[in-house]
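Trainee: fold the following and give me the result.
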Amino acid sequence: MTKLSVNINKIATLRNARGGNTPNLVEAAIAVQNFGAQGITIHPRPDERHIRYQDAYDLKSVVTTEYNIEGNPKDKFLDLVFDIKPTQVTLVPDAVNAITSNAGWDTVKHKAYLSEIISECKRNGIRTSIFVDPKKEMIEGAALVGADRIELYTEEFAHQYSLGNTTAIEPYTACAVLANELGLGINAGHDLSLENIQFFKEHIPGLLEVSIGHALISEALYLGLETVVKEYIKKLI
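Mentor: Numbers count the residues shown, from 1 in each chain. Now for the predicted structure:
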């Protein structure tokens, strides 16, 4: 079974819009896990516009499944990760002013930089995943820098699938096959939804984990959080 890690950034966005502590992020994380999710993902950004750095500490004691912290590995972010020591850190090359992540790493160009960071993560006992576009050279580069896993950036697949273009899965499948051959674990995320998740999962051999936030929380507005989490889990079996 592919694990579902729920990205709770959007819950923090809603909280921050009004001030105070409603909805309560810690209570939401507990509930999501009680509903069956096998992980919690957060993506703190420097401006703390959704997840705050304090949230990362507050969640540490209540995440009893897998704790995945995503972000650009700048010094402040790495200090946070090495202090908390989550199950997994996902390295994402997001710009400071990006609304959301919009590209994967060039693992060839940034080989030395990524190798140094990943070595330090391993010294701290943290599994490391690299956010990458579905390009074989980037998968090969991820293996060379010592990553444990890749996270396939799935926005283009999701967009094309919504237009009826199911062949958009092909580069993802090819990259998954290569990742398996190279001994890399495979994660995926970005715009995956109840509409496309089962098709994606069925075509990605060895898919270990998906991280889903925006679509899942949006769907929960209509269907309820418990219902949506359980529906994802059914589709990921």
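Trainee: going forward, measure contacts between C-alpha atoms and count neighbours the same way
Mentor: Fine.
Trainee: what bridges to the residue most central in space within the chain?
Mentor: Central residue of the chain (Cα atoms, centre = their mean): Ser211, 4.1 Å from the mean position. Bridge pairing for Ser211 (DSSP bridges) gives the partners Ser5, Gly189.
Trainee: repeat that for Leu207.
Mentor: The partner residues for Leu207, given DSSP bridges, come to Ile186.
Trainee: could you count how many residues lie near it?
Mentor: Close neighbours of Leu207, defined as other Cα atoms under 10 Å, add up to 22.
Trainee: do Ala168 as well
Mentor: Count around Ala168 with other Cα under 10 Å applied: 16.
Trainee: identify the residues contacting it.
Mentor: Glu156, Phe157, Gln160, Tyr161 (Cα atoms under 8 Å, 6 or more residues apart in numbering).
Trainee: for the protein, what spans make up the strands?
Mentor: Listed in chain order, the strands of the chain (DSSP state E) span residues 3-7, 39-42, 66-71, 88-91, 127-132, 149-153, 185-189, 207-212.
Trainee: let me know the average pLDDT across the fourth one.
Mentor: Along strand 88-91, the predicted local confidence has a mean pLDDT of 98.
Trainee: mind listing what's buried along that strand?
Mentor: Buried residues in strand 88-91, counted by 16 or more other Cα atoms under 10 Å: Gln88, Val89, Thr90, Leu91.
Trainee: so where's this protein shaky on pLDDT?
Mentor: Applying pLDDT under 70 to the chain flags the ranges 95-102.
Trainee: all helices for this structure, in order.
Mentor: Using DSSP state H, the helices of the chain run over 9-18, 25-34, 53-60, 75-84, 111-123, 136-144, 155-162, 170-182, 197-202, 214-223, 225-236.
Trainee: can you say which of those is packed in most?
Mentor: With neighbours defined as mean count of other Cα atoms under 10 Å, the helices of the chain peak in mean count at helix 136-144, which reaches a mean of 20.
Trainee: contact partners of that one?
Mentor: Contacts for helix 136-144 (Cα under 8 Å, 6+ apart): 105-108, 111, 130, 132, 150, 174-175, 178-179, 182-184.
Trainee: do stretch 206-224 as well
Mentor: With Cα under 8 Å, 6+ apart, stretch 206-224 has contacts from 1-11, 41, 176, 180, 185-194, 201, 225-229.
Trainee: over to stretch 25-43?
Mentor: Applying Cα under 8 Å, 6+ apart, the external contacts of stretch 25-43 come out as 3-9, 11-12, 51, 55-56, 58-59, 62-71, 211, 225-226, 229-230, 233.
Trainee: end-to-end on stretch 67-86?
Mentor: 5 Å (Cα to Cα, to the nearest Å).
Trainee: gap between stretch 133-148 and the chain center?
Mentor: Its chain's average C-alpha position is 16 Å from that of stretch 133-148, according to Cα atoms, centre = their mean, to the nearest Å.
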